[in-house]
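Trainee: Next come a sequence and a model predicted from it.
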Amino acid sequence: MVGPAFGADSAAQQQLVFVYGSLKRGMVNHHQLAGAHFLGTAQLGGLHLFDLGPFPMAVATDDPAAVLQGEVYGIDAAQLAGMDRFEGVPRLYERQRHQLSDGRHVWVYVGRSQQVRHVPRITSWPPASDHPRPAPGPAARR
């Protein structure tokens, strides 16, 4: 599924970001992407996903079978700076450039292996063994 088309001016300034957890559509932190352009779903190799409780963390791996499912959004420089603040860069996550399976280059927020030493590895977010973690309704946002 692909989002709206961009004009020549906005395409030059657009940054692509790959999200894989609580920022995806329907998840609790998706509002952080307000104003971003949904460009579709995608796959990204070379990362394992870990369950940190309220959110997941992707960590680089040499496992050739590791493939992460996620969503791609087009954002501007101000939104990217806001994403860095939200993701706790550089303390919690590191923003890295990666290449999707379709060849596009995206920004993705990645953790470090020592951060996930004692937490379970999962294949998707929310974890299949857990209940879905949708965005809270109006009553829960008070």
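Mentor: Yes, it's here.

Trainee: hey, where'd the helices end up in the chain?
Mentor: Assigned by DSSP state H, the helices in the chain fall at 8-13, 77-87.

Trainee: Tell me which of the ones you listed lies nearest to Thr61.
Mentor: helix 77-87 (19.7 Å; CB to CB). C-betas here are computed from N, CA, C, even on glycine.

Trainee: Met83 versus the residue nearest the centre of the chain, what's the distance?
Mentor: Closest residue to the average C-alpha location of the chain: Val19 at 1.6 Å, with CA atoms, centre = their mean. Distance from Val19 to Met83, counting by CB to CB, to the nearest Å: 9 Å.

Trainee: Equivalent analysis for Gln115, please.
Mentor: From Gln115 over to Met83 (counting by CB to CB), the distance is 19 Å.

Trainee: next one: Leu33
Mentor: The separation that Leu33 has from Met83, given CB to CB, amounts to 8 Å.

Trainee: Please enumerate the shared neighbours of those two.
Mentor: Counting by CB atoms under 8 Å, 6 or more residues apart in numbering, the common neighbours of Leu33 and Met83 are Ile75.

Trainee: ok, back up a step: surely the residue nearest to the centre of the chain touches Ala36?
Mentor: No. Applying CB atoms under 8 Å as the test, Val19 and Ala36 come out as separate, 9.4 Å apart.

Trainee: Now for these two: what residues contact both?
Mentor: Counting by CB under 8 Å, 6+ apart, the shared contacts of Val19 and Ala36 are Tyr73.

Trainee: With adjacent residues omitted, what lies nearest to Phe86?
Mentor: Gln32 (5.3 Å; CB to CB, 6 or more residues apart in numbering).

Trainee: didn't that neighbour look like it was pressed against Lys24?
Mentor: No. Contact criterion CB under 8 Å: Gln32 and Lys24 do not qualify, at 10.9 Å.
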